[in-house]
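[1] Kindly generate the corresponding structure for this input.
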Amino acid sequence: MARRAKIRVKWRNGAFADLRTEPAVMDELDAYAEHIAAAAGDGFEARMAEETGGRVRGRAAVLTTTTEAMRDNAKNHTLLRALGQAKG
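    Numbering: from 1, shown residues only. Next up, the predicted model:
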């Protein structure tokens, strides 16, 4: 029976943070948030990754900007439905 070599992996956590905050990743997050906001309709707005911050990962958000949108989201789960549409 052959002997197996032990493999050691040393993770560099800082490299993961660098990767998750790369400009290309941030651009993709922005585009995804825009798709979700557009699918949700009037009263929903994308907050860009640079605006939401994040030291170790990129983030983007979709927010309600009107009272009507807040009610619609609470009653119909509009953002969840828009999330499903943006994935497809």
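
[2] list the buried ones in the helix or strand hosting Arg81?
    In the assignment (DSSP states H and E), Arg81 maps to helix 78-87. By 16 or more other Cβ atoms under 10 Å, the buried positions in helix 78-87 come out as Thr78, Leu79, Ala82, Leu83, Ala86. From N, CA and C alone the C-beta is placed, and that goes for glycine too.

[3] Those: which two are farthest apart?
    Maximum pairwise distance in the buried residues of helix 78-87, criterion Cβ to Cβ, is 12.3 Å, between Thr78 and Ala86.

[4] one step back: let me see the mean pLDDT of the helix holding Arg81.
    The average pLDDT within helix 78-87 is 88.

[5] which residues touch that helix?
    Residues outside helix 78-87 that contact it (Cβ atoms under 8 Å, 6 or more residues apart in numbering): Tyr32, His35, Ile36, Ala37, Ala39, Ala40, Gly41, Phe44, Val62, Ala69, Asp72, Asn73.

[6] now the residues you listed as TSV including distance to Val56, pLDDT and neighbour count?
    Putting those into TSV (distance: Cβ to Cβ, whole Å; pLDDT from 0 to 100; neighbours: other Cβ atoms under 10 Å) gives the following:
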residue	distance to Val56	pLDDT	neighbour count
Tyr32	19	93	17
His35	24	95	17
Ile36	23	96	23
Ala37	25	96	23
Ala39	28	95	19
Ala40	28	96	24
Gly41	33	95	11
Phe44	27	97	23
Val62	22	95	24
Ala69	31	97	19
Asp72	33	97	19
Asn73	29	97	20
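
[7] Tell me the one of those nearest Lys10?
    The shortest approach to Lys10 among the contacts of helix 78-87 belongs to Tyr32, at 32.0 Å (Cβ to Cβ).

[8] Make sure that closest one is actually in contact with Val62.
    No: with contacts counted by Cβ atoms under 8 Å, Tyr32 stays clear of Val62, the gap being 9.4 Å.

[9] how far does the longest helix along the chain sit from the chain's center?
    Using DSSP state H, we find that the single longest helix of the chain is helix 23-40. Helix 23-40 sits 7 Å away from the centroid of its parent chain (Cα atoms, centre = their mean, to the nearest Å).
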